[in-house]
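Undergrad: Quick check, what structure comes out for this input:
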Amino acid sequence: MALPFTRHKRALIFAKVAIAVIVVAMLVRRIHAAELKSALLEARILWILPAVLLLGLNLFFQFRRWALLVHQVQPEVPARQIFSSLLSGITLGFITPGRVGEFGRAFLIAGSDWPRLLGLTLLDKCYAFLTLLFFGLMGMMPILKKETELLVWLPLFIVALSFFAILFLLLLHPPFLAGILKKFRKHWEHRNKLARIISSLEHVPPLLAFRISLLALGQVLTYLFQFYLLIRAFCFLPLLRGLQALMATLWVKTMLPISIGDLGIRESAAIYFLGELGIPAAPAFDGSLLLFIINVLVPALAGLALLLRRSTARKARSISLRGPA
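TA: Take a look at the predicted model:
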């Protein structure tokens, strides 16, 4: 299924690119390009190499989650097609606001019941988002303690943790969640596609939901460890306090999806939170930028190649069906 870009979508993409370019340019000007270059030249490759290799584990966790969900409704889909749709979805997410383009993976499974796969994609994204939300909450704790009074931050923390717990319990029981949504059926029962999206939750039993949540946890932990290794390539970073700062960084970039690939937002947050630990701006910026290149840009380029090959194959089939002029 084609995913055309309307004028509105193109404008949003342009706006995200503009924000990323402006923020990165401001950071480079503030830090000075010479400092960034010097930090890169002094980076230790023995810390960077494991972070690069961990991209494979990161992608495995994402692929495994998606494969488990796809096979619940279409067990015959080959692993190669599932992985291709995952990478293509990363590309579409890279160029769309809030990474909503990642839902396009549901349309890239041949002969798919796309409304059900769309519902399962939403479920998959919820597990990853809630895991990031929890780690972000833990990472923001030192900041809340430092900047606010106990009577302010403690109730906020308890409310946020309770909200997280309720949502997580619901996601661990997708059929129960579907039952709750069906109680509001009169508002959407005339919309067949929406009904099929909601019914997709019934295909995910609690045991499978638990496995997927563990895979989401594995992905986030891998991402955090990659981030830590990349900062350590430039300077010393205490493990526990460093991970807290990186958790807070991920929370900020997740909650502010206003630039393409979160470029600039992640770097700004890293400079601020790591700066609280005495980490200079140049290592924080360079480490964060390397994380973007490894975990976002490389998979997005691979997905772009797959999308272009898919488009070329579709055009070739169309020409062959028309026959010679």
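Undergrad: Let me see the residues that make contact with stretch 109-118.
TA: With contact meaning CB atoms under 8 Å, 6 or more residues apart in numbering, stretch 109-118 is reached by 1, 69-70, 73-74, 77, 81-82, 85, 103, 105-107, 193-194, 196-197, 199-200, 203. Just so you know, the C-beta spots here come from the backbone N, C-alpha and C atoms, and that holds for glycine as well.
Undergrad: correct me, but residue 83 touches residue 63?
TA: Yes: judged on CB atoms under 8 Å, residue 83 makes contact with residue 63 at a distance of 5.4 Å.
Undergrad: any common contacting residues for those two?
TA: The overlap between the contact sets of residue 83 and residue 63 (CB under 8 Å, 6+ apart) is empty.
Undergrad: Could you pull out the helices in the chain for me?
TA: Per DSSP state H, the chain carries helices over the ranges 7-31, 33-41, 45-73, 79-94, 114-147, 150-171, 174-182, 192-199, 206-232, 239-255, 265-275, 281-292, 298-322.
Undergrad: Can you add mean neighbour count and give the ones you listed back as a markdown table?
TA: What follows is these, written out as a markdown table (neighbours: other CB atoms under 10 Å):
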| stretch | mean neighbour count |
| --- | --- |
| helix 7-31 | 14 |
| helix 33-41 | 14 |
| helix 45-73 | 17 |
| helix 79-94 | 21 |
| helix 114-147 | 19 |
| helix 150-171 | 13 |
| helix 174-182 | 16 |
| helix 192-199 | 16 |
| helix 206-232 | 20 |
| helix 239-255 | 20 |
| helix 265-275 | 23 |
| helix 281-292 | 24 |
| helix 298-322 | 13 |
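Undergrad: For the ones you listed, give me CSV that also has mean pLDDT.
TA: As requested, these are arranged in CSV below (pLDDT from 0 to 100):
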stretch, mean pLDDT
helix 7-31, 67
helix 33-41, 77
helix 45-73, 95
helix 79-94, 92
helix 114-147, 86
helix 150-171, 84
helix 174-182, 85
helix 192-199, 81
helix 206-232, 95
helix 239-255, 90
helix 265-275, 91
helix 281-292, 93
helix 298-322, 79
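Undergrad: what's the distance between residue 113 and residue 63?
TA: For residue 113, the distance to residue 63 equals 20 Å [CB to CB, to the nearest Å].
Undergrad: again, but for residue 110
TA: For residue 110 relative to residue 63 (CB to CB), the value is 17 Å.
Undergrad: for residue 286, same thing?
TA: If you measure residue 286 against residue 63 using CB to CB, the figure is 29 Å.
Undergrad: cool, and residue 180?
TA: Look at residue 180 and residue 63: by CB to CB, they are 30 Å apart.
Undergrad: What distance do you get for the nearest residue to residue 297 once chain neighbours are set aside to residue 36?
TA: Of all residues not flanking residue 297 in the chain, residue 261 sits nearest, at 7.0 Å (CB to CB, 6 or more residues apart in numbering). Applying CB to CB, the value for residue 261 to residue 36 is 19 Å.
Undergrad: what phi and what psi does the backbone show at residue 172?
TA: Recorded main-chain torsions at residue 172 are phi -80, psi -10, according to degrees, to the nearest 10.
Undergrad: Surely it and residue 210 touch.
TA: Yes: using CB under 8 Å, residue 172 is in contact with residue 210, at 6.1 Å.
Undergrad: ok, now which ones touch the closest residue to residue 285 other than its chain neighbours?
TA: Among residues not flanking residue 285 along the chain, residue 267 sits closest, at 5.1 Å (CB to CB, 6+ apart). Residue 267 makes contact with 23, 24, 27, 284, 285, 288, 289, 292, according to CB under 8 Å, 6+ apart.
Undergrad: mind putting those in TSV, distance to residue 176 included?
TA: As requested, the contacts of residue 267 are exported to TSV (distance: CB to CB, whole Å):
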residue	distance to residue 176
23	42
24	44
27	46
284	43
285	45
288	39
289	43
292	38
